[in-house]
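**Student:** sequence first, predicted model second:
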Amino acid sequence: MLAKLAFRNVKRAGRDYAIYFITVTLGVALFYAFNALHSQAVLFDAMSADSIRMLDLLNMLIGMFSVVVACVLGFLVVYANRFLIRRRRREFGTYLLLGMSAGRVSRVLLFETVLVGIASLVVGLVLGIAVSQGLSFATAALMGTTMMKYRFIISTDALGLTVLCFVVVFAVSAIIDVIYVRRCKLVTLLSAHEANEHAGIERMPLRVGGFIVSLVALACAYWQLAINGLQMPDAHFWAATALMLVGTFLFFWSVSGFVIFALMHAKGVYLKGIRMFTVRQIASKVNTAFVSVSVVCVMLFLALTTASVGMGLLELFAGSIEQTTRYDATIQASPRFFDDPSGAWMEESQRFDGSIAACLQSRTARWDDAVRESAQLDYWASGVTYQALLEQVPNAESFKDVGMLEAIGKTEVQVIPASQFNACCALIGEPGIQLADDEFAIDNAISSYDELGSAMSASNVTLKVADVTLHGHGSLVNVPLETSAVSAEALLIIVPDEAVAHLRENIGFPSYSYLNVMYHADRIQGDEALKQALIEALPLDEGVTPATEELDEQIKSGPWPVTRVYTGRAMADQAGGLRMVIAFLALYIGFVMLVATAAVLAIQQLSETADSLGRYRRLSDLGCDLPKIFGSLRVQTVVYFCAPLILAACHTVCAVVVISGTLFSELGVDPTNLIGIAAAAIVGIYAVYTLATYLLSKGIVRSSMFQPRAA
C-alpha cells in the first residue's frame, strides 16, 4: 500500500522531479563514462608505453576527482531532496492529520527516493554506456592513435563503482530525509506556505554598507591574485582565496538590500507595472538563499576556470608538437648535472673529443644501421647572466614585467657554437646563420620573447664571452634544437666557434649536450633500431632485460654519453596523452560542476515558484493578466540564474588573465579561441537549464490559475 502511494506520488509530482531526475541521470552518465575510459584501451592498435602511461595517469586522476564529483553529486541529491520536501510539507502534514504515523510517512518518502533513485540510476547508466562508446573515438583522436575493429564494451569496474557510489548517495539522502520528516512538527508542516521570506529591506544601511565592503574585498582579492600570478600557493594566493570567498558571500547577502535601496530612489522605474513585485521576489529569494547562491557562484567559478584553463593547456600541447619533433630522436648527455665522483666519463669524453656519435659508433656496429646522420649541440656556461644584455636594452620593461625581467636577468647565459647550430639546421632543412667572428645571434622559439630577443640581438648590444667581445647580429632566428613535447628554447645565444674554443680551454666540458639524429628507416623501425643499438652500446640498468619495452627503462643513465633519450614518437605520444588528460579532466570536472550548480538553482526556482502560487493568484485577482505574470516570472528566472554566473565570470576572467600572463603568453600560446569555445559551451548548457526552469515554472503557475478556488 505504501509503495503504491509512493509510486502515485512520484507519477503525480513528475514535474517537480523533472530537473532533479535529469540532473542525477546526467551525473550518473558522466560518472560512468569517464571512469570507463581505461577499459576502452583494448580497442586501440598497439599503443606505445608512453600512451599507456598517459592512459593510466588519466585513470588515476579520474579516480581521484571522482571522489570529489561523488561528494558534489551527493550534496546535490541531498539539497534537492530538501527543497522537494519543503515543497510538499503541507502534503506530509495532511498525511499526519489524517492519522498516518510519522514512521509510515517516512517510509512513503523512502519508497519515493528509492523509485526515483533506481530510475535515474538505470537511465543514467544506459546513457553513460552510450557516451563511453563515443569517448573511445575522442580518446583515439586526442592521442593520435588508430582504433582496431570496433567492439561494444561495458566496463564492469566502472559499472560497479558507479552503482556503489550512487547507492551510498541515495542511502544517505534517504536517511537525512526520514530524520527530517520525523522531527518536523505538524503545525510546521501545515503552515509551510504561510512563512514569508525576507526581502532584505530591514537593516538597509547595513546591507548597503556590506555591498560596498564586498566590492572592496573582491577588488583586493583580484589584486592579490595578480601579485601571486597563480604560480605558487604563497601568502598572496591564500589572501586572494579568503577575500574572494568572503567577498562572494557578503555580496549575495547584501545585494538584495542594495538593489532595493537603489531602485526605491528611482521611483519611475521601480513603480512601473509589477516591477516592485518582481524586484521583491528576486530579493527575497537571494536574501533567503544567499548561502547556497554563494556556493553555486564558487562552483561555477571552478567550472568556468577548469574548462577555460584546460582548453588553454590543450592549445599549448596541440600547437607546437610538429615543430618540436622535427628530429627523429635526441640523445641528451648532462655531465654537469650528474653526480659521478669517479670522473670516468671525463676520460671517455676526452678520448672521443666530446663526440657522442663517435663514442656510440665505436661501441656498436648497429649505430650506423640505425642512424643516417646526426648533429651534436653543446651548451656552454658563459659565466655571465642575461642582466649584462638587459642593461643595454632601452625600456626593457616595455617587453616584460619587472618580475620576469629580474628572473631572466639572474639566469646564466648558455651559448652554443655556430657550426653546431648550422649542422642541426641542415638536418631539418633550415638555412642556418652566418656569423662574423665578433657577432652573436639569438635563437628563440617562444613568441612572447620575440620583441625582447630582437632588442637584445641589436647590433649596438655587446656580450663578452671568455674575453671575446661580441655584438648582436641584428636578427632573431627560430629553429628547434631538440626533440621535446613543448617548445623550450628561449633567448639561446649562438656564438662563433672561436668563443666556444676559449670556453673549452677554461672549463673543459659543456654543461650538457644534445645529439639530434635522423633515421635510415621510418620512425617506428628507426626507434627499434636505435633501441637495439643503444642496448648493445650501453650497460643495462639493474633488474631489467632487453625485453623491456621502453629504452629509458633499460639503459643505465650516466653523465656521458647518454643520460636520456627522447624520440619524436614518444614526445608526440606524451603530447597526445597530455591533451587527452587535460581535455577529459576539464570536461569531467567542469561539466559536473556546471550541471550540479544549474540544477541547484533550477530546483530552488521551481520550489520558490510553487511556494509563491498564492501571490501569483492574488496578482491575477487584482487584474494582472497572464503575460505580465509570466514576464515577471521570466525576469526572476533569468536574474536568479545570471547573478551567480556573472560574478563567477568576473572571478574567472581575473584568474584566466593572470594565468595567461604568467603561463600562456610566456610560452607563446594564444588560447583565446579554445577558451571562447569552452565558455560558449558552458553558457549554452546553462541557458538550456534556465529555459527549462522557466518553462516548468510557467507550467506550475499556469496550472494553478485554472484550479478551483476555495470558497
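**Tutor:** Thanks, I have it.
**Student:** domain map for this protein?
**Tutor:** Structurally, the chain divides into domains by automatic domain parsing as follows: 1-195, 335-562.
**Student:** can I get these in a markdown table with mean pLDDT and mean neighbour count?
**Tutor:** C-betas here are computed from N, CA, C, even on glycine. Listed next are the domains of the chain as a markdown table, based on pLDDT from 0 to 100; neighbours: other Cβ atoms under 10 Å:
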| stretch | mean pLDDT | mean neighbour count |
| --- | --- | --- |
| domain 1-195 | 75 | 17 |
| domain 335-562 | 85 | 17 |
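**Student:** would you format these as TSV with distance to Arg579 included?
**Tutor:** Putting these into TSV (distance: least, Cβ to Cβ, whole Å) gives the following:
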stretch	distance to Arg579
domain 1-195	5
domain 335-562	10
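**Student:** contacts for stretch 442-451?
**Tutor:** The contact list for stretch 442-451 (Cβ atoms under 8 Å, 6 or more residues apart in numbering) reads 323, 399, 421, 453, 456-457, 472, 476-481, 487-494, 665-668.
**Student:** out of the residues you listed, which are inside helices?
**Tutor:** Counting by DSSP state H, the part of the contacts of stretch 442-451 found in helices is 323, 421, 453, 456.
**Student:** the third one contacts Leu476, doesn't it?
**Tutor:** By that I understand Gly453. Yes - Gly453 lies in contact with Leu476 (Cβ atoms under 8 Å); the separation is 4.9 Å.
**Student:** what segments of this protein are strands?
**Tutor:** 329-333, 371-385, 412-417, 439-443, 462-465, 468-477, 492-495, 512-519, 564-567 (DSSP state E).
**Student:** quick one: which of the domains of the chain is nearest Leu645?
**Tutor:** Ranking these by proximity to Leu645 (Cβ to Cβ) places domain 1-195 first, at 16.9 Å.
**Student:** what about Val477, distance to Pro539?
**Tutor:** Separation of Val477 from Pro539 (Cβ to Cβ, to the nearest Å): 39 Å.
**Student:** over to Glu406?
**Tutor:** Note on Glu406: its distance to Pro539, by Cβ to Cβ, is 44 Å.
**Student:** now Pro627
**Tutor:** Noted for Pro627: a distance of 85 Å to Pro539, by Cβ to Cβ.
**Student:** could you do Val68 as well?
**Tutor:** Going from Val68 to Pro539 by Cβ to Cβ gives 45 Å.
**Student:** could I have stretch 385-396 exported to PDB, CA atoms only?
**Tutor:** Output of stretch 385-396 as PDB, limited to C-alpha atoms (Å, rounded to 0.1, in the frame of the first residue of the first chain):
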ATOM      1  CA  THR A 385      74.000  36.400 -16.800                       C
ATOM      2  CA  TYR A 386      71.300  37.900 -19.100                       C
ATOM      3  CA  GLN A 387      71.500  41.000 -16.900                       C
ATOM      4  CA  ALA A 388      74.500  42.000 -19.000                       C
ATOM      5  CA  LEU A 389      72.300  42.100 -22.100                       C
ATOM      6  CA  LEU A 390      69.200  43.600 -20.400                       C
ATOM      7  CA  GLU A 391      71.200  46.600 -19.100                       C
ATOM      8  CA  GLN A 392      71.800  47.500 -22.700                       C
ATOM      9  CA  VAL A 393      68.200  47.300 -23.800                       C
ATOM     10  CA  PRO A 394      66.300  50.600 -23.500                       C
ATOM     11  CA  ASN A 395      62.900  50.300 -21.900                       C
ATOM     12  CA  ALA A 396      63.200  46.600 -21.300                       C
END
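**Student:** what's in contact with that stretch?
**Tutor:** Counting by Cβ under 8 Å, 6+ apart, 399, 405, 408-413, 452, 455-456, 458, 460-464, 491 sit against stretch 385-396.
**Student:** now the helices for the stretch 151-300 of the chain?
**Tutor:** Using DSSP state H, counting those that start in this stretch, the helices of the stretch 151-300 of the chain run over 156-183, 186-190, 204-228, 235-264, 267-270, 275-288, 290-319.
**Student:** run the chain-centre distance for the last one.
**Tutor:** Taking Cα atoms, centre = their mean, to the nearest Å, the mean C-alpha location of helix 290-319 is offset from the chain mean by 6 Å.
**Student:** which residues does Val69 contact?
**Tutor:** 27, 30-31, 588-589, 592.
**Student:** nearest to Ile154 among these?
**Tutor:** Using Cβ to Cβ, Phe31 comes nearest to Ile154 of those, at 14.6 Å.
**Student:** how far off strand 329-333 does the helix ranked longest in the chain point, in degrees?
**Tutor:** Assignment by DSSP H gives helix 568-611 as the longest helix of the chain. For helix 568-611 against strand 329-333, the angle by axes from the mean of the first three to the mean of the last three Cα atoms, to 10 degrees is 100 degrees.
**Student:** next, the angle from helix 568-611 to helix 275-288.
**Tutor:** Using the same axes, to 10 degrees, the direction of helix 568-611 lies 120 degrees away from that of helix 275-288.
**Student:** is the closest residue to Asp438 other than its chain neighbours bridged to anything, and to what?
**Tutor:** Of all residues not flanking Asp438 in the chain, Leu470 sits nearest, at 5.6 Å (Cβ to Cβ, 6 or more residues apart in numbering). Beta-bridge partners recorded for Leu470 (DSSP bridges): Leu463.
**Student:** dump the residue contacts of Leu470.
**Tutor:** Counting by Cβ under 8 Å, 6+ apart, Leu470 makes contact with 438-440, 462-464, 495-496, 499.
**Student:** can you tell me how far it is from Leu476?
**Tutor:** Distance, Leu470 to Leu476, using Cβ to Cβ: 16 Å.
**Student:** check Ile19 too.
**Tutor:** Ile19 is 57 Å from Leu476, by Cβ to Cβ.
**Student:** likewise Leu626?
**Tutor:** Distance check for Leu626 against Leu476: by Cβ to Cβ, it reads 69 Å.
**Student:** and if you look at Tyr694?
**Tutor:** 56 Å.
**Student:** what's the answer for Ile62, then?
**Tutor:** Relative to Leu476, and taking Cβ to Cβ, Ile62 is found at 43 Å.
**Student:** likewise Leu243?
**Tutor:** Distance, Leu243 to Leu476, using Cβ to Cβ: 42 Å.
**Student:** again with Val517
**Tutor:** Val517 sits at a distance of 27 Å from Leu476 (criterion: Cβ to Cβ).
**Student:** Val216 too?
**Tutor:** From Val216 to Leu476 the distance is 45 Å (Cβ to Cβ).
**Student:** ok, what's across the strand from Ala441?
**Tutor:** Going by DSSP bridges, Ala441 forms beta bridges with Ile494.
**Student:** just checking, it touches Gln434?
**Tutor:** No - Ala441 lies out of contact with Gln434 (Cβ under 8 Å); the separation is 9.4 Å.
**Student:** how about the helices of the stretch 601-711 of the chain, start to end?
**Tutor:** Assigned by DSSP H, counting those that start in this stretch, the helices in the stretch 601-711 of the chain fall at 613-621, 626-659, 672-705.
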